[in-house]
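*Asks:* coordinates for the following, if possible.
(one chain, ligands or ions: 1)
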Amino acid sequence: MTRAKAQQGKIPATVITGFLGAGKTTMIRNLLQNADGKRIALIINEFGDLGVDGDVLKGCGAEACSEEDIIELTNGCICCTVADDFIPTMTKLLERENRPDHIVIETSGLALPQPLVAAFNWPDIRSEVTVDGVVTVVDSAAVAAGRFADDHDKVDALRVNDDNLDHESPIEELFEDQLTAADLIVLNKADLIDVAGLKAVREEVASRISRKPAMIEARNGEVAAAILLGLGVGTEDEIVNRKSHHEMEHEAGEEHDHDEFESFVVELGAIADPNGFIDRLRGVIAAHDVLRLKGFADVPGKPMRLLIQGVGSRIDQYYDRAWAPAETRGTRLVVIGLHDIDEAAVRASIVALV
Ligand SMILES: Nc1nc2c(ncn2[C@@H]2O[C@H](COP(=O)(O)OP(=O)(O)OP(=O)(O)O)[C@@H](O)[C@H]2O)c(=O)[nH]1
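*Replies:* The predicted model follows:
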């Protein structure tokens, strides 16, 4: 039987992966607003105890995906909770009377896509769903700035104090594992670098993988639905050939974990001067090597909450939606860094900014 025939009648699922802040949620938001009439169910997984992505996507009000079709998996990174969280969620989704035309899964920025894609070979899932393709979103500006290559010294220093750190560079390795799993690589944030820079990014990304998946450039995750949802690969059949560093290092099957990364939530009161706060926040991010910071701020006198999105030293801010009447106004920020991040110092520094 041909692959196309074997997959006929199955619901296609697209896995969207990519490092913290690459632009996955932005791309999905754009997809939902331009879904060519398809009804999409969305499974979202985030690292950190504050569901920002789900909130952003629920708030976009796209017809392609109603709020009940947005399912958040909050019990840890999706690649570690396949059996306990992902499979039961998929089973429930497949039991629904009104099945979606397509399933989109946004992994956390720290997830290894391989175990997730392999889960599509579980008998109950395999008979009903196929992985249309894995799309890996890349922050081109971060690659150009050397963010996935230049932390060798830091990792070497960490390893001196921690024998358990068996990996080369956790960030670099994860970046490569996410590229290795890809059927399509989206070089996002193309607006932030010039043509020569983009060419160099393309070459660097290609040099990190042995396969040659298609690569396209994008601004604000603007990729046509027909491309994103029409890869038709059936990646579950091929995932054994796209092993992660962890799988290659631990062929015997040792569980991987995310001990190299840490996240915590900082809660604050109202922020009267958001511009000044964000300016000073950049200093804290740089001083403590914060990888990702995101959340919402309460600005007195404003009916809407201020969304704050920090990726490295870049911080975007915009008022995303009105505070709901039953909601307690406040400022909540999730901070993600390497495992040696000094949580107490970061907390104290952020609190001191207000
Ligand atoms: N300039 C620019 N900013 C972008 C682009 N795509 C996304 N962003 C911004 O980058 C930040 C992170 O985007 P997200 O879509 O939340 O990234 P993500 O990959 O979902 O992040 P995590 O879920 O934390 O891993 C936001 O402030 C976006 O507005 C782009 O193409 N250009």
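*Asks:* OK, contacts around the closest residue to the ligand within the stretch 51-200 of the chain?
*Replies:* Of all residues in the stretch 51-200 of the chain, G109 sits closest to the ligand, at 2.8 Å by C-beta to the nearest ligand atom. From N, CA and C alone the C-beta is placed, and that goes for glycine too. Going by C-beta atoms under 8 Å, 6 or more residues apart in numbering, G109 touches 18-22, 24, 47, 292, 336.
*Asks:* please apply the same query to R329.
*Replies:* 270, 298, 305, 323 are the contacts of R329 under C-beta under 8 Å, 6+ apart.
*Asks:* how close does the residue of the stretch 51-200 of the chain closest to the ligand sit to R292?
*Replies:* 7 Å (C-beta to C-beta, to the nearest Å).
*Asks:* touching both of the two, which residues are there?
*Replies:* Taking C-beta under 8 Å, 6+ apart as the contact rule, the neighbours common to G109 and R292 are 20-21, 336.
*Asks:* give me the subset of these lying in strands.
*Replies:* I336 (DSSP state E).
*Asks:* please list which of the shared contacts of G109 and R292 are also close to the ligand.
*Replies:* 20-21 (C-beta under 6 Å from any ligand atom).
*Asks:* put the buried members of the shared contacts of G109 and R292 into a ChimeraX selection.
*Replies:* To isolate the buried ones among the shared contacts of G109 and R292 in ChimeraX, judged by 16 or more other C-beta atoms under 10 Å, type:
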select :20,21,336
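*Asks:* partner strands of the lengthiest strand in the chain and their direction?
*Replies:* Counting by DSSP E, the longest strand found in the chain is strand 129-139. Strand 129-139 pairs in its sheet with strand 11-17 (parallel), strand 184-188 (parallel), by DSSP bridges.
*Asks:* and the stretch 201-350 of the chain, which residues reach the ligand?
*Replies:* 219-221, 292, 309, 311, 316.
*Asks:* spatially, which two of those are the most separated?
*Replies:* Pairwise distances across these peak at 20.5 Å for R219 and R292 (criterion: C-beta to C-beta).
*Asks:* quick one on the thing from earlier: any chance of the strands paired with strand 129-139 in CSV, plus distance to A200, mean neighbour count and mean pLDDT?
*Replies:* Rendered in CSV, the data for the strands paired with strand 129-139 read as follows (distance: least, C-beta to C-beta, whole Å; neighbours: other C-beta atoms under 10 Å; pLDDT from 0 to 100):
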stretch, distance to A200, mean neighbour count, mean pLDDT
strand 11-17, 23, 25, 97
strand 184-188, 11, 24, 98
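*Asks:* got a markdown table for those strands, with distance to the ligand too?
*Replies:* Below are the strands paired with strand 129-139 laid out as a markdown table (distance: least, C-beta to the nearest ligand atom, whole Å):
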| stretch | distance to the ligand |
| --- | --- |
| strand 11-17 | 9 |
| strand 184-188 | 5 |
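*Asks:* of all the ones you listed, which one is nearest P88?
*Replies:* Between those, strand 11-17 lies closest to P88; by C-beta to C-beta that is 15.6 Å.
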